[in-house]
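Q: Turn this into a model:
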Amino acid sequence: MINSILTFISTHQEMIYVVVLMIFVGIEIIGRVPSVLHTPLMSGANAIHGVVIIGAIIVMGKAEQDNFLALGLGFLAVVLGTLNVVGGFVVTDRMLEMFKKKK
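A: Residues are numbered from 1 along each chain as shown. The predicted structure follows:
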């Protein structure tokens with residue numbers, strides 16, 4: 001088990017470096033966004049997560065029926081991606097309601 005993990009890490013070392021770098025760059029970029037722009041940017045980013053839902057559906061469709069890990073992770077990605085998309089639209093709707101004139 002440990003040998004397979006070490007083999008995976010040594011084989012995909014560059015990819016692991018890129019992912020870690022992306023995490024640090026993302027934290028730095030998001031940390032520097034002014035609070036006035038945070039809500040519109042995050043609601044738009046949440047709406048883009050529809051791509052996650054499509055990817056999860058593709059993974060679940062191509063997974064073998066006895067591969068419960070792929071099916072479970074795909075299902076979890078579909079559920080969480082859907083919640084993220086709906087949340088993004090709800091935040092955007094609430095934000096736009098603030099700019100409408102009251103009767």
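Q: which regions of this protein lie under the pLDDT threshold?
A: 39, 43-44, 47 (pLDDT under 70).
Q: other SSEs contacting the longest helix seen in it?
A: The single longest helix within the chain, with elements called by DSSP state H, is helix 68-97. On a contact count with 3 or more CB pairs under 8 Å, 6 or more residues apart in numbering; DSSP states H and E, helix 68-97 meets helix 35-48, helix 50-62. Every C-beta, even on glycine, is put in place using the N, C-alpha and C of the backbone.
Q: So for residue 9, which of the ones you listed sits nearest?
A: Among the helices and strands packed on helix 68-97, helix 50-62 comes nearest to residue 9, with 22.5 Å by CB to CB.
Q: Quick one: residues in contact with that closest one.
A: 70-71, 73-75, 77-78, 80-82, 84-85 (CB atoms under 8 Å, 6 or more residues apart in numbering).
Q: Return the angle between stretch directions for that helix and helix 68-97.
A: Orientation of helix 50-62 against helix 68-97 (axes from the mean of the first three to the mean of the last three CA atoms, to 10 degrees) gives an angle of 160 degrees.
Q: Show me what counts as buried in helix 50-62.
A: With burial defined by 16 or more other CB atoms under 10 Å, the residues of helix 50-62 counted as buried are 52-53, 56, 59-60.
Q: Just name the closest of the residues you listed to residue 97, please.
A: Using CB to CB, the buried residues of helix 50-62 come closest to residue 97 at residue 53, 25.8 Å.
Q: how far away is the closest one from residue 78?
A: To residue 78, residue 53 is 6 Å away according to CB to CB, to the nearest Å.
Q: try residue 30
A: Applying CB to CB to residue 30 and residue 78 gives a distance of 25 Å.
Q: Before I go, just wanted to say thanks for your time.
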